[in-house]
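Asks: I'd like to go over a predicted model; first the sequence, then the structure.
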Amino acid sequence: MESYDLMDYDAAKKSLNQALAIAKKSKLDKDPVTAKVYLDLAIAAYAAGDVDGAKVAFISAVQIDSKIQISPAYKSPELQKLLDEAKGGETGGEAPVADPGIDCAAVKGSSTRSSTPRPRAGRSRSRRSSAATSRRSRLP
């Protein structure tokens with residue numbers, strides 16, 4: 001999610017879609033790590049303004065891990081609501097079922113970079129920048 005933290009949501013989506021393709025080829029479609037990748041893709045899609053893409057990715061994550069949660073660093077009321085809807089929590093009914101034929105690579109903006117970055121809900125720009133900088137400084 002480094003690209004996401006740097007507000008390059010399209011690059012984040014591209015990397016996450018590549019990870020999903022590798023997981024699929026490796027037959028890890030139902031692995032909890034794959035659910036986390038779908039969750040991260042949903043967060044990046046939402047930040048890029050693709051609410052429908054975020055919903056599809058949240059549904060895919062929930063189908064793999066029904067107890068998946070958004071990390072506090074990325075959590076916002078809007079994202080939590082979408083995740084709850086994917087889990088079926090808002091309606092009290094069952095979670096909607098994503099079409100297994102849907103390829104999350106079709107999420108809008110997965111291969112192009114937006115010229116206007118959109119701030120992530122719930123965090124200020126300066127906090128993101130310092131978080132990304134501190135992570136880079138810890139790298140070997």
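Replies: Noted; the coordinates are in hand.
Asks: Only C-alpha atoms from now on, for both contacts and neighbour counts.
Replies: Will do.
Asks: Could you double-check that V37 lies in contact with A21?
Replies: No: taking C-alpha atoms under 8 Å as the definition, V37 is not a contact partner of A21, at 10.8 Å.
Asks: Counting neighbours around each, name which of those two comes out higher.
Replies: Counted by other C-alpha atoms under 10 Å, V37 and A21 do not tie: V37 has more neighbours, with 23 against 17.
Asks: Can you read off the pLDDT for the more buried one?
Replies: Per-residue confidence at V37 stands at 94 (pLDDT).
Asks: how would you label it: helix, strand or coil?
Replies: helix (DSSP: H, G, I helix; E, B strand; the rest coil).
Asks: Which residue, neighbours along the chain excluded, lies closest to it?
Replies: Among residues not flanking V37 along the chain, L16 sits closest, at 6.3 Å (C-alpha to C-alpha, 6 or more residues apart in numbering).
Asks: Also A45?
Replies: Leaving aside its chain neighbours, A45 sits nearest to A54 (5.1 Å; criterion: C-alpha to C-alpha, 6+ apart).
Asks: check which helix or strand covers that neighbour.
Replies: Assigning secondary structure by DSSP states H and E places A54 in helix 51-64.
Asks: Next, the angle helix 51-64 makes with the next helix-or-strand element following that helix.
Replies: Next helix or strand after helix 51-64 toward the C-terminus (DSSP H and E): helix 77-87. Put simply, helix 77-87 runs at 50 degrees to helix 51-64, going by axes from the mean of the first three to the mean of the last three C-alpha atoms, to 10 degrees.
Asks: and helix 77-87, what's its mean pLDDT?
Replies: The model assigns helix 77-87 a mean pLDDT of 93.
Asks: Tell me the buried residues in it?
Replies: Neighbour-count burial for helix 77-87, counted by 16 or more other C-alpha atoms under 10 Å, picks out 79, 82-87.
Asks: And for stretch 58-73?
Replies: Under 16+ other C-alpha under 10 Å, the buried positions of stretch 58-73 are 58-65, 68.
Asks: separation between the residue nearest to A45 and K13?
Replies: Counting by C-alpha to C-alpha, to the nearest Å, the gap from A54 to K13 is 11 Å.
Asks: between these two, what contacts are shared?
Replies: Common contacts of A54 and K13 (C-alpha atoms under 8 Å, 6 or more residues apart in numbering): 41, 44-45.
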